[in-house]
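Asker: Give me the fold of what follows.
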Amino acid sequence: MFNSIYQGKRVLITGHTGFKGSYLALWLKQLGCELCGIALAPETSPAHWELLNIDMRSEICDIRNFDRVKAVFDDFRPEIVFHLAAQPIVRTSYQIPRETFDVNIMGTVNILDICRQSGSVHSIVVVTSDKCYENVEKSTGYVESDPMGGYDPYSASKGCAELVVNSFARSFFNPADYGRKHRILLASARAGNVIGGGDWACDRLVPDIMRAAAAGIPARLRNPRATRPFQHVLEPLSGYLLLGAELFRGNTGAAGAWNFGPADDGVIDVGRAAESLKKQWEKISFVIDPPAGQPHEAALLQLNCSKAAERLHWQAVLSTDEMFSFTAGWYRAFYQEKRVITGEQLDEYLHLAEKRNSVWIK
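Answerer: Below is the predicted model of the structure:
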């Protein structure tokens, strides 16, 4: 996979104890790299990271602690960096706006400045969010050149993080100077609403539904008509890994911003997503119960991923039904059979990717 770029490489992930980061760590270990993670301790119990028990170096520290993070970089000397650490919840950002901006902006500044000074890093992928765009309810989907923005503190902080990435790319890692003035290429990745087994974060649709199902009570949907680009967690990770590999091999055309989202049939409203999950696990039930005075949430959010399709030849592997089957199946196995099937699902995903001629598995 990925032309064996990751085999034997030193790879560092920030946010490895989080939902998406734990999946990325598992996949990277399968790819044969030497792996180090920097993150806070998991905030939920259970926590997917702890259930996986991955054999890797794990440093529990705050990315805002510049000296501590730099010491880890200096000791580990990573060649490839995936920056995922963040305050990731929109509704939480209304409660802790200063911390959200601090972590998501200055944490990103710290990681990029440490990479600039490292002497070992060659490839950096900064993961932000589809919410980085100024959301004007655009039905055709946002392209990478659309303006950054953000109504809530989380979305605005991710828009700002993209500006930070762009500034570092122009000032220190300019592709036009690659090979002459520096040996680092930098890209940012913007994914859709990521779902999958092992997510127990608060105020997210799937974890809320699955917790309720496990407890034998109906979940409460606050905004069933909100439309989002739903995708299984492994889908954007394949894009991040493809991007990191292209950067490492010196493809200057891979630098810059990239959208990794679902096909059009994955852009559905919350109500339909809940119904699709319910079809996969009979214990799921829900009621519509929008709370009074809830914070602003966008009604429509959609990504245009034609750039990734045309230039990287990346495409989603799973159908919409398969996405919900993977997700509900994971929680069903966990709650009813006490099994963690992440590795099995990764193997199944790779089998389907090969069968469907995904460019990164050849």
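Asker: How much space separates the most far-flung residue of the chain relative to its centre from A309?
Answerer: The outermost residue of the chain, judged by C-alpha distance from the chain's mean C-alpha position using Cα atoms, centre = their mean, is R180 at 32.0 Å. In this structure, R180 lies at 31 Å from A309, with Cβ to Cβ, to the nearest Å as the measure. Where you see a C-beta, it was placed from the backbone N, CA and C, and this is true even at glycine.
Asker: Helices of the stretch 201-350 of the chain, residue ranges please.
Answerer: According to DSSP state H, counting those that start in this stretch, the stretch 201-350 of the chain carries its helices in the segments 205-215, 234-248, 270-280, 306-307, 320-337, 342-355.
Asker: ditto for the stretch 51-200 of the chain
Answerer: According to DSSP H, counting those that start in this stretch, the stretch 51-200 of the chain carries its helices in the segments 66-76, 90-95, 97-101, 107-118, 153-171.
Asker: Tabulate those in JSON lines, adding columns for mean neighbour count.
Answerer: JSON lines is the format used below for those (neighbours: other Cβ atoms under 10 Å):
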{"stretch": "helix 66-76", "mean neighbour count": "16"}
{"stretch": "helix 90-95", "mean neighbour count": "17"}
{"stretch": "helix 97-101", "mean neighbour count": "17"}
{"stretch": "helix 107-118", "mean neighbour count": "21"}
{"stretch": "helix 153-171", "mean neighbour count": "20"}
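Asker: Can you say which of these is nearest to D347?
Answerer: helix 66-76 (28.5 Å; Cβ to Cβ).
Asker: quick one: average pLDDT of the closest one?
Answerer: Summarised as a single mean, pLDDT over helix 66-76 is 98.
Asker: per-residue confidence for A292?
Answerer: pLDDT recorded at A292 is 62.
Asker: okay, and for this protein, where does confidence drop off?
Answerer: For the chain, the stretches with pLDDT under 70 are 291-294, 296-299.
Asker: Pull the contacting residues for the closest residue in space to R91 that isn't next to it in sequence.
Answerer: Nearest residue to R91, sequence neighbours excluded (Cβ to Cβ, 6 or more residues apart in numbering): D203, at 4.4 Å. D203 is in contact with 89-92, counting by Cβ atoms under 8 Å, 6 or more residues apart in numbering.
Asker: Now with 10 Å, please.
Answerer: If you count contacts by Cβ atoms under 10 Å, 6 or more residues apart in numbering, D203 has them with 89-92, 222, 295.
Asker: which of these sit farthest apart?
Answerer: T92 and R222 (14.8 Å).
Asker: ok, back up a step: among the helices of the stretch 201-350 of the chain, pick out the one with the most neighbours on average.
Answerer: helix 234-248 (a mean of 25; mean count of other Cβ atoms under 10 Å).
Asker: From the chain's centroid, how far away is that helix?
Answerer: For helix 234-248, the distance between its averaged C-alpha position and the chain's averaged C-alpha position is 11 Å (Cα atoms, centre = their mean, to the nearest Å).
Asker: Distance to T44 for the helices of the stretch 51-200 of the chain - can I get that in CSV?
Answerer: Compiled in CSV, these are given as follows (distance: least, Cβ to Cβ, whole Å):
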stretch, distance to T44
helix 66-76, 23
helix 90-95, 13
helix 97-101, 18
helix 107-118, 20
helix 153-171, 18
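Asker: would you say I38 is within a helix?
Answerer: No: for I38, which was evaluated using DSSP: H, G, I helix; E, B strand; the rest coil, the result is strand, with no helix membership.
Asker: Quick check: it vs K70, distance?
Answerer: Applying Cβ to Cβ, one obtains 11 Å for the distance of I38 from K70.
Asker: Need the overlap of contacts for these two.
Answerer: The contact sets of I38 and K70 overlap at I111 (Cβ under 10 Å, 6+ apart).
Asker: would you turn the contacts of D203 into CSV with distance to W330?
Answerer: What follows is these, written out as CSV (distance: Cβ to Cβ, whole Å):
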residue, distance to W330
I89, 21
V90, 23
R91, 24
T92, 24
R222, 24
P295, 29
